[in-house]
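K.L.:
Let me see the structure of the following:
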Amino acid sequence: MNHNLYIVPHDFTPIGDAALKYAIHLGKKIRVDIQIVHLISDKSKTMATKQKLEKIVQSIDKPSYIKCESKIIIGSIFEDLGKHAKKEGAQLIIMGTHGLSITQKLFGSNVIKVVTSSEVPFLIIQKDTKIEEVKKIVAPIDMTKESLQITGPAGDLSKIFHSEVHVIAEKETDEILSRKQSNRFSLIKDQYDEKEVKYHFQLINERGSFQSKVIEYAKKNNANFFALAYHSESLFAMLDTFAQNIAINELKAPCLILNAKSASKLYF
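P.N.:
Residues are numbered from 1 along each chain as shown. Below is the predicted model:
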């Protein structure tokens, strides 16, 4: 494939269809190829899986300039999807999620577990995610350098949608940290000014968890897209409830999420 490549894991459920529809929606903005992937545990399922995938490819309603193909991978979504995406040179994995079960709420989201296994960023789609123009992208950052890695991809995506990036952070009261925070906003400003990205910076001083502040900010400002860098260094990284709850947010908005620990370049 010669153009931008998006990979869409499909599990033959409506959530797989939702992810594929969003991939096509995004593909209408730029020239893109889409690879629909299904992972199987053994070769004996290859023929039946191939038939199902081809039926999906044939039924896709898309512009002629978006090329689609199917691919069967023998392996685990937690170990082999990211490896395959990197090998194929994909810019993005667009994956649907069924949300959080009670067990996942206790022990961590499978979405985060998949994200941490990949160097290629993910766009997380929920079943009820609307196919609509992206107006405002909310990109939460903190005082870590890793969190800043999302600002580049968020800016690139905003150029595709002609939207605005809202970079938000919790206001630092410590003088040294406040100065450091101001310097980081200046760096992002220079980056966005150079790329002619529309942006808005916001420091949040309200009480409550940062997670709830991010969601509330999106509600108040009619934002309909999230972007964040996942960079938990904990032993059980999938337990990071902040990333989990932003990725699978109550607004059903798409969420661009990258594994900052391994990400080293801009993607879009």
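K.L.:
remind me which residues of the stretch 1-150 of the chain are low pLDDT?
P.N.:
1-3, 99-109 (pLDDT under 70).
K.L.:
For the protein, which segments are assigned as helices?
P.N.:
Counting by DSSP state H, the chain has helices at residues 14-27, 46-59, 81-88, 102-107, 110-115, 151-161, 175-195, 210-220, 241-247.
K.L.:
Turn those into CSV, columns for mean neighbour count and distance to Pro121.
P.N.:
Every C-beta, even on glycine, is put in place using the N, C-alpha and C of the backbone. CSV is the format used below for those (neighbours: other Cβ atoms under 10 Å; distance: least, Cβ to Cβ, whole Å):
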stretch, mean neighbour count, distance to Pro121
helix 14-27, 21, 13
helix 46-59, 13, 24
helix 81-88, 18, 9
helix 102-107, 12, 21
helix 110-115, 22, 8
helix 151-161, 21, 6
helix 175-195, 13, 18
helix 210-220, 16, 18
helix 241-247, 21, 12
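K.L.:
Quick one, which of the ones you listed gets closest to Asp128.
P.N.:
helix 14-27 (8.0 Å; Cβ to Cβ).
K.L.:
picking that back up, of all the helices of the chain, which lies closest to Met143?
P.N.:
helix 175-195 (6.4 Å).
K.L.:
Give me the packing partners of that closest one, helices and strands only.
P.N.:
If you count contacts as 3 or more Cβ pairs under 8 Å, 6 or more residues apart in numbering; DSSP states H and E, helix 175-195 packs onto helix 151-161, strand 164-170, strand 198-204.
K.L.:
can I get these in a markdown table with distance to Asp17?
P.N.:
Below are those laid out as a markdown table (distance: least, Cβ to Cβ, whole Å):
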| stretch | distance to Asp17 |
| --- | --- |
| helix 151-161 | 22 |
| strand 164-170 | 29 |
| strand 198-204 | 32 |
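K.L.:
on that earlier part again, let me have the helices of the chain in JSON lines, extended by distance to Cys255.
P.N.:
As requested, the helices of the chain are arranged in JSON lines below (distance: least, Cβ to Cβ, whole Å):
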{"stretch": "helix 14-27", "distance to Cys255": "11"}
{"stretch": "helix 46-59", "distance to Cys255": "24"}
{"stretch": "helix 81-88", "distance to Cys255": "17"}
{"stretch": "helix 102-107", "distance to Cys255": "16"}
{"stretch": "helix 110-115", "distance to Cys255": "9"}
{"stretch": "helix 151-161", "distance to Cys255": "11"}
{"stretch": "helix 175-195", "distance to Cys255": "19"}
{"stretch": "helix 210-220", "distance to Cys255": "11"}
{"stretch": "helix 241-247", "distance to Cys255": "5"}
